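Novice: the sequence and its predicted three-dimensional model are supplied below.
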Amino acid sequence: MGNRIIQGAKQPLKGELTIPGDKSVSHRSVMLAALGDTPVHITNFLPSADCLSTVGVMRALGAKVDIINDTELMVQGNGLHGLKEPETILNAGNSGTTLRLMMGMLAPQSFVSVFTGDASLHKRPMGRVIKPLGEMGANIVGRAENTKLPITIVPTEEPLKGITYVMPVASAQVKSAILLAGLFAEGVTTVIEPYPSRNHTELMLEGFGVQVNRDENRISLTAPEKLIAPAELIVPGDISSAAFWLVAASIIPDSELLLKNVGINETRTGVIDVLRAMGADLSIINERKSGGEPVADILVKASQLHGTFFGADIIPRLVDEIPAIAVAAMFADGDTVITGAGELRVKETDRIDAIYAQFSQLGGSIEAKEDGLIIHGGSGLNMAKCFSYDDHRMAMSLAIAGLAGKGVEIEQADCVDISYPTFYAELDRLTK
């Protein structure tokens, strides 16, 4: 992977951006379409490396996935009980979403599945998914006492049993794995969360005809006879990708950007809440529904931000956006304090240490805590060479930090392909 130099912006950011498809929804659209028995036409699909890992896994399990163009797919499954034994090892690449959700879907199947992934995914913990699936009766064997790749899913003699699982930490991926296993389990499958996490799986299951009972933080379902696949599924724009532009336009003087087709699912809009609490000028316009998900355009104008505090109750709604929020905090007046974010230590990299090390390199004043960060704003950023850790969100956060400061040279910059393949092209377009 090559290095990339981002120059400090010489003029405001002005114009419009159409945000690429939501990564979480793109994954789930292919997975659930592959469990239907009628074709599903998916548009605004995110053609990132992670989502294409899901496409590869579903193809290996017998689904027909035709790629019409970069953002358009046609998926034809073989029905809820039509997955086929793969002829090879399943490769999740860098995608924790692919691996964790597919463990839930494959745990009830009558065939053996073996998963691998890239070096980064081999380091990430899977025990918190394997534990509840084991309580349902699944037989999953992995390295490091059944917590890490490679992982083998062995069929069980008895069907999985529905359970009521009280989650110690709010996690959309763990919740989704349990609910997907529940599509094949006997009895009721219930998940109780400490805080609401992303509800894309629940919304999409409902879109495929599954009755999901939701009562505050309690989500339940029983196995349906079949999924009723929609003929068309439009993926909304990813707010995690929009977050970089929301921050950049907020902190680069006189900027004004219109971000089009952004998903504003309330389980994902923590970044909007925090930026508004910091004094950002954000307007939500043209609200509508797309594929069952709420969507809108967001107009963002430059403003002087100030520090804020946020903790565990909102973290599940913005955990992926914290690197971008940290950039906003460096340009804000006063201190920003982030707590309850220990999950950042087990992302693609330890993002708490990464934010501390690389943003300090640029001249930011940051303290790393066990479960969060204290960011002292207003110090001004210098040009520096920084390391992305091959982490897409770190690379894009460094890019907007350099853009708003005096520039940055990013090592392993191409990792943005994981979630936003056109990011640098859009940045070049807006800064010319």
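Specialist: Nice, I can see it. Predicted model only: the values in this text are computed from it and were never measured. Residues are numbered from 1 along each chain as shown.
Novice: now the host helix or strand of Leu101 - C-alpha only, PDB.
Specialist: Using DSSP states H and E, Leu101 maps to helix 96-106. Provided in PDB are the C-alpha atoms of helix 96-106 (Å, rounded to 0.1, in the frame of the first residue of the first chain):
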ATOM      1  CA  GLY A  96     -15.800  -8.600  11.200                       C
ATOM      2  CA  THR A  97     -19.400  -8.100  10.100                       C
ATOM      3  CA  THR A  98     -19.200 -10.900   7.600                       C
ATOM      4  CA  LEU A  99     -17.600 -13.300  10.100                       C
ATOM      5  CA  ARG A 100     -19.800 -12.500  13.100                       C
ATOM      6  CA  LEU A 101     -23.100 -12.400  11.300                       C
ATOM      7  CA  MET A 102     -22.300 -15.500   9.200                       C
ATOM      8  CA  MET A 103     -21.400 -17.500  12.400                       C
ATOM      9  CA  GLY A 104     -25.000 -16.900  13.500                       C
ATOM     10  CA  MET A 105     -26.400 -17.900  10.100                       C
ATOM     11  CA  LEU A 106     -24.200 -21.000   9.700                       C
END
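Novice: ok, residues contacting that helix?
Specialist: With contact meaning Cβ atoms under 8 Å, 6 or more residues apart in numbering, helix 96-106 is reached by 23-24, 27-28, 31, 35, 50, 53-54, 57, 61, 83, 90, 92, 113, 115, 117, 121, 124, 126, 129-130, 133, 140, 149, 151, 153, 173-174, 176-181, 183, 201. From N, CA and C alone the C-beta is placed, and that goes for glycine too.
Novice: strands - which of these land there?
Specialist: Secondary structure assignment by DSSP state E places 90, 113, 115, 140, 149, 151, 153 of those in strands.
Novice: of these, which is the nearest to Thr190?
Specialist: Ile140 (20.6 Å; Cβ to Cβ).
Novice: can you count the residues close to the residue nearest to that closest one when sequence neighbours are not counted?
Specialist: The shortest distance from Ile140 to any residue other than its chain neighbours is 4.9 Å, reached at Ile130 (Cβ to Cβ, 6 or more residues apart in numbering). As a burial measure, Ile130 scores 25 neighbours (other Cβ atoms under 10 Å).
Novice: what pLDDT does Ile130 get?
Specialist: Note on Ile130: pLDDT of 97.
Novice: repeat for Ser240
Specialist: 93.
Novice: same deal with Leu275?
Specialist: Note on Leu275: pLDDT of 98.
Novice: test my guess that it contacts Phe244.
Specialist: No - with contacts counted by Cβ atoms under 8 Å, Leu275 stays clear of Phe244, the gap being 11.9 Å.
Novice: tell me the one of the ones in strands among the contacts of helix 96-106 nearest Leu233?
Specialist: Leu90 (23.4 Å).
Novice: wait, a helix at Gly15?
Specialist: No - counting by DSSP: H, G, I helix; E, B strand; the rest coil, one finds Gly15 to be strand, located in no helix.
Novice: what's the burial count for Gln358?
Specialist: Using other Cβ under 10 Å: Gln358 sits among 27 other residues.
Novice: who's in contact with it?
Specialist: Remark: with contacts taken as Cβ under 8 Å, 6+ apart, Gln358 is in contact with 386-387, 394, 398.
Novice: out of these, who's the most crowded?
Specialist: Leu398 (30 neighbours).
Novice: OK, contacts around that one?
Specialist: By Cβ under 8 Å, 6+ apart, the neighbours of Leu398 are 6, 358, 362, 386, 388, 408, 410.
Novice: now pLDDT and secondary structure too, for the residues you listed, in JSON lines please.
Specialist: What follows is these, written out as JSON lines (pLDDT from 0 to 100; DSSP: H, G, I helix; E, B strand; the rest coil):
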{"residue": "Ile6", "pLDDT": "97", "secondary structure": "strand"}
{"residue": "Gln358", "pLDDT": "97", "secondary structure": "helix"}
{"residue": "Leu362", "pLDDT": "97", "secondary structure": "coil"}
{"residue": "Cys386", "pLDDT": "97", "secondary structure": "strand"}
{"residue": "Ser388", "pLDDT": "96", "secondary structure": "coil"}
{"residue": "Val408", "pLDDT": "98", "secondary structure": "strand"}
{"residue": "Ile410", "pLDDT": "98", "secondary structure": "strand"}
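Novice: would you turn the ones in strands among the contacts of helix 96-106 into JSON lines with distance to Arg100, neighbour count and pLDDT?
Specialist: Output for these, formatted as JSON lines (distance: Cβ to Cβ, whole Å; neighbours: other Cβ atoms under 10 Å; pLDDT from 0 to 100):
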{"residue": "Leu90", "distance to Arg100": "13", "neighbour count": "22", "pLDDT": "98"}
{"residue": "Ser113", "distance to Arg100": "14", "neighbour count": "24", "pLDDT": "98"}
{"residue": "Phe115", "distance to Arg100": "10", "neighbour count": "24", "pLDDT": "98"}
{"residue": "Ile140", "distance to Arg100": "11", "neighbour count": "21", "pLDDT": "97"}
{"residue": "Leu149", "distance to Arg100": "11", "neighbour count": "20", "pLDDT": "97"}
{"residue": "Ile151", "distance to Arg100": "10", "neighbour count": "24", "pLDDT": "98"}
{"residue": "Ile153", "distance to Arg100": "12", "neighbour count": "26", "pLDDT": "98"}
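Novice: specify which member of these is nearest to Glu370.
Specialist: Nearest to Glu370, judged by Cβ to Cβ, of those is Leu149 at 25.9 Å.
Novice: got the contact list for that closest one?
Specialist: Contacts for Leu149 (Cβ under 8 Å, 6+ apart) come out as 99, 115-117, 121-122, 126, 142-143.
Novice: how about the nearest residue to it, chain neighbours excluded?
Specialist: Nearest residue to Leu149 in three dimensions, chain neighbours excluded: His122, at 4.6 Å (Cβ to Cβ, 6+ apart).
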